[in-house]
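Trainee: A predicted structure for the sequence below; I have some questions about it.
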Amino acid sequence: MAYTTINKSSLHMNTILYNGTGSSNSITGVGFQPDMVWLKSRSNGNYHNLQNAISGANKVTYPNDTNAEATSTTRITYFNSDGFTVGTESDVNGSGRTYVSWNWKANGAGSSNTDGDITSTVSANTTAGFSIAKFTASGGTANKTVGHGLNAVPKVVIVKHLSTTGGWQTYFEGIGTANQQLLTLNGTTAIANYSNLWGAGMTNSVIGIGVNTAVSDGQDCIAYSFAEKTGYSKFGSYIGNGNADGSFIYCGFKPAWLMVKNINNASADWTMFDIKRNTFNIMDKRLRANLENAEDAPLGFIDFTSNGFKWRTDSFAVNGSGNTHVFMAFAEAPLVGTNNIPATAR
């Protein structure tokens, strides 16, 4: 059984739904002051918006696009003690529209980290295994390292250029050729290998930046790193069976949030589910990280169980026969917490 020192997962990662007003709108109920907020319109085809505490509330990037970081005073305007405030931008607060926010706790605006070859500003939540590192790239034609502050080896790392356009380069531990594999969060591309992409790789203090990583000298970059915490988060892979009675994937907890990508199929989207948009099984309310599309509801799809998730579809995007799929999952509740109370199915 899975044990965790995190008795309340929602104090580190939490999903909040809200309605747009078209005017300044304070969103509360997160349960903490968020350090990374990912917003998406459910009802309309708007860009995903991602803002973080290191860059500041007036800076935004778009997970479904390669655009550089932009300055905006009409999206998130403040990070508050129990949430955030959004302005008038329709992407995040259009009148009569519905939205979802996915919120992660790091450690505020961050501090200097000199663990790597490149000094970074790091905001790290070591309890929950999540950090944000902002740095200015140097020595782009040689192997470099950047501190992440987790005191644990990250299993997922997402790196993005801020000052110029560039893809969301994504690393998952244990897939492809070591330190060479690449997935792109803003696209459907299948896994690709690039020589020495991640340099010396990931350690409990640094992430590796290799010869072919799309970071260039003098360019500002951001890295989001995730280390696995038993009973709270799970990052891994599974093989699909291509059957409507789909694969079951064990997490060791009842999931609250899930994102999946078929890494063998160049048409497969990054598919996202959470327990706030779907309050019971079978879950079918889907958003896709690489698309600006509104939420849709394919027939059937997925169950969240007390200890993992089970597919109820033969969709190639999440259950392709013989294909490898990677996933990120965060807990609603551990299978068994430190209070010895078992989680129950939905």
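Mentor: Cool, got the structure. The structure displayed is predicted, hence computed values, not measured ones. Numbering: from 1, shown residues only.
Trainee: burial check on the residue nearest to residue 53 when sequence neighbours are not counted, number of neighbours?
Mentor: Among residues not flanking residue 53 along the chain, residue 35 sits closest, at 4.1 Å (C-beta to C-beta, 6 or more residues apart in numbering). Every C-beta, even on glycine, is put in place using the N, C-alpha and C of the backbone. Applying other C-beta atoms under 10 Å, we find 24 residues neighbouring residue 35.
Trainee: how close does residue 35 sit to residue 326?
Mentor: Remark: distance between residue 35 and residue 326 (C-beta to C-beta, to the nearest Å) = 24 Å.
Trainee: same thing with residue 289?
Mentor: From residue 289 to residue 326 the distance is 12 Å (C-beta to C-beta).
Trainee: in terms of packing, which of the two has more residues around it?
Mentor: Shown here are residue 289 and residue 326; by other C-beta under 10 Å, residue 326 has more neighbours (22 against 19).
Trainee: now do the contacts for that one.
Mentor: 172, 175, 183, 235-237, 260-261, 263 (C-beta atoms under 8 Å, 6 or more residues apart in numbering).
Trainee: one more time with 6 Å
Mentor: By C-beta atoms under 6 Å, 6 or more residues apart in numbering, the contact list for residue 326 reads 172, 237, 261, 263.
Trainee: run through the bridge partners of the closest residue in space to the first one that isn't next to it in sequence.
Mentor: I take that to be residue 172. Closest residue in space to residue 172, ignoring its immediate chain neighbours: residue 326 at 4.8 Å, by C-beta to C-beta, 6+ apart. Beta-bridge pairing of residue 326 under DSSP bridges involves residue 237, residue 261.
Trainee: quick one: residue 326 and residue 225, what's the gap?
Mentor: Distance, residue 326 to residue 225, using C-beta to C-beta: 16 Å.
Trainee: in a strand, residue 182, correct?
Mentor: Yes - residue state for residue 182 (DSSP: H, G, I helix; E, B strand; the rest coil) corresponds to a strand.
Trainee: so what pLDDT did the spatially closest residue to it that is not a sequence neighbour get?
Mentor: Using C-beta to C-beta, 6+ apart and skipping residues adjacent in sequence, the residue nearest residue 182 is residue 192, 5.0 Å away. Listed pLDDT for residue 192 reads 90.
Trainee: residues contacting the lowest-mean-pLDDT helix or strand in the chain, please?
Mentor: Lowest by mean pLDDT, DSSP states H and E among the helices and strands of the chain is strand 192-193, with a mean of 88. Strand 192-193 is contacted from outside by 176-177, 180-182, using C-beta under 6 Å, 6+ apart.
Trainee: check which helices and strands the helix or strand just after it sits against.
Mentor: Using DSSP states H and E, the next helix or strand after strand 192-193 towards the C-terminus is strand 206-209. In this structure, strand 206-209 makes packing contacts with strand 144-147, judged by 3 or more C-beta pairs under 6 Å, 6 or more residues apart in numbering; DSSP states H and E.
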